[in-house]
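> What follows is a predicted structure for the sequence shown.
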Amino acid sequence: MRNTFVAAVLGALVGSAVSAEVKLPSQVVWTAYGTGSAGYNQSVAIGAALQEALGINLRVLPGKNDIARTEPVRQGKVQFSANGVGGSFMAQEGVFQFGAENWGPQPVRVLAANNGGAVGLALAVAAEACEKVGKPKCEGFTYADLKGMRVSWVKGAPALNVNNEAYLAYGGLTWADVERVDFGGFGDSWKGMVDGSTDAAFASTNSGMAYEAASSPRGVYWPPIDPTDKEAMARMAAVAPFFSAMNATVGATIDGTPGTPTAGYAYPVLMTYAEQDEDLTYNMTKAMHEYFESYKGKAPGINGWALDKQNFQWVAPYHDGAIRYYREIGKWSDADQAHNDMLVARQAALQKAWEELKAEGPSDWQAAWETKRREALKAGGFSVVF
């Protein structure tokens, strides 16, 4: 299906509207987080820049969760996704919702990622909720104070839920220590922050939803972390190894301040599948960087897409088309290639283990896959996460 789709879009390449340097279809389609999210807002801003510069229509389809954003890419209905760690790292690993029998380890590939360094990815607390533990104005409120409070769980969004779990772990808590409140999507969880149906929800600090909640009567607070607390940071890393400590200076209630110590990772991550057309991926990657100045500053946190902020040794491999571009401009090293080859081999080991397990047909799929997956990673000499 994807090959047919690619043939169709490549056959519709724009003539005079597209520069000789960047050759993209007249319409490119991405999925992204829901409207109002940082991923959606940035995608729209990038689309506006490409429309003005190249006459290309970048359609952005919002998806409520990781599955909803990744499924259209898997089916070949869209070319790319401005996804999160769920639709990239967790999809590659075949864990959480991606560990279901109809999914499994996915051959995902990265084109570019937003490593802004100024935008945090954190579990926010409704400022009003701080009063529940006798800390008005949230003075001295920590993640440990979430004990007994209501914390959001988004169905079909393992990235959001694991991230929440990581912050709970930082505070020495688990899901058993809080009241889990289920929501159908990211946006719904933040509506809950406004209407009072939850006390904590995860987002990038610059999310439109966070700004909206900050202006509501309940308010928003981002509890700071202490990067020097080795035990707390170790608990966080055990749940979410892709996190690293940083100082967020962009976001709701943060703008114009010295910043808030929190954690972060690449978001959004522009991804596709390994089988996506190499020329298409090459040109999409090139467009992201060649026209960076055209969309720079057009959405909160968007500057993290800059070329000098790319991390070529992240947790998911880059697409051959993207590598071709980065190598062409002298930004791709032998060490980057070695790391990428290792990640591709990791994916292959996981996919092989998946196919072997399918042939066995275990009665308890989840338990069998968890064991098989860990065994395959250990046997291949790869790090075991989850």
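Ah, there it is.
> Going by C-alpha atoms from here, please, whenever you check contacts or count neighbours.
OK.
> May I have the phi/psi pair for residue 192?
phi -70, psi -30 (degrees, to the nearest 10).
> pretty sure it contacts residue 198?
Yes - Residue 192 lies in contact with residue 198 (C-alpha atoms under 8 Å); the separation is 5.3 Å.
> More neighbours: which of those two?
Counting neighbours by other C-alpha atoms under 10 Å for residue 192 and for residue 198 shows that residue 198 has the greater number, 25 against 19.
> helix/strand/coil for the more buried one?
For residue 198, the assignment made with DSSP: H, G, I helix; E, B strand; the rest coil gives coil.
> wait, it sits on residue 182?
No - when contacts are counted by C-alpha under 8 Å, residue 198 is not listed as touching residue 182 (9.3 Å).
> Where do the domain boundaries of this protein fall?
Domains of the chain are assigned by automatic domain parsing as 2-115+267-380, 121-264.
> Any idea which of these has the lowest pLDDT on average?
Of all those, domain 2-115+267-380 carries the lowest average pLDDT, namely a mean of 91.
> any idea how far residue 127 is from residue 248?
From residue 248 across to residue 127, the span is 18 Å (C-alpha to C-alpha, to the nearest Å).
> Which one's more surrounded, these two?
Counted by other C-alpha under 10 Å, residue 248 and residue 127 do not tie: residue 248 has more neighbours, with 28 against 25.
> Please state the offset of the helix or strand harbouring residue 324 from the chain centre?
Element membership of residue 324 [criterion: DSSP states H and E] is helix 320-328. Centroid displacement of helix 320-328 relative to its chain, using C-alpha atoms, centre = their mean, to the nearest Å, is 22 Å.
> got a list of what the residue nearest the centre of the chain touches?
When C-alpha atoms, centre = their mean is applied to the chain, the residue found nearest the centroid is residue 84 (1.2 Å). Listed by C-alpha atoms under 8 Å, 6 or more residues apart in numbering, the contact partners of residue 84 are 66, 159, 266-269.
> if you set the cut-off to 10 Å instead, what comes out?
Residue 84 makes contact with 32-33, 39, 65-66, 69-70, 90, 113, 157, 159-160, 265-271, according to C-alpha atoms under 10 Å, 6 or more residues apart in numbering.
> quick one, strands of the chain?
27-32, 57-62, 80-83, 108-113, 121-125, 150-154, 179-183, 200-204, 244-248, 260-264, 269-273 (DSSP state E).
> what inclination does the fourth one have with respect to strand 269-273?
Put simply, strand 108-113 runs at 150 degrees to strand 269-273, going by axes from the mean of the first three to the mean of the last three C-alpha atoms, to 10 degrees.
> Tell me the buried residues in strand 108-113?
Residues of strand 108-113 classed as buried: 108-113 (neighbour count, 16 or more other C-alpha atoms under 10 Å).
> ok so, going back, quick one: which of the contacts of residue 84 sit in helices?
Among the contacts of residue 84, the members falling in helices (DSSP state H) are 39, 66, 69-70, 159-160.
> Show me what the longest helix seen in the chain is packed up against.
As assigned by DSSP H, the longest helix anywhere in the chain is helix 334-360. Helices and strands touching helix 334-360, by 3 or more C-alpha pairs under 10 Å, 6 or more residues apart in numbering; DSSP states H and E, are helix 91-93, strand 108-113, helix 320-328, helix 365-380.
> which other residues reach the last one?
Read it as helix 365-380. Contacts of helix 365-380 (C-alpha under 10 Å, 6+ apart): 93-96, 99-101, 104-105, 345-347, 349-354, 356-358, 360-362, 381-386.
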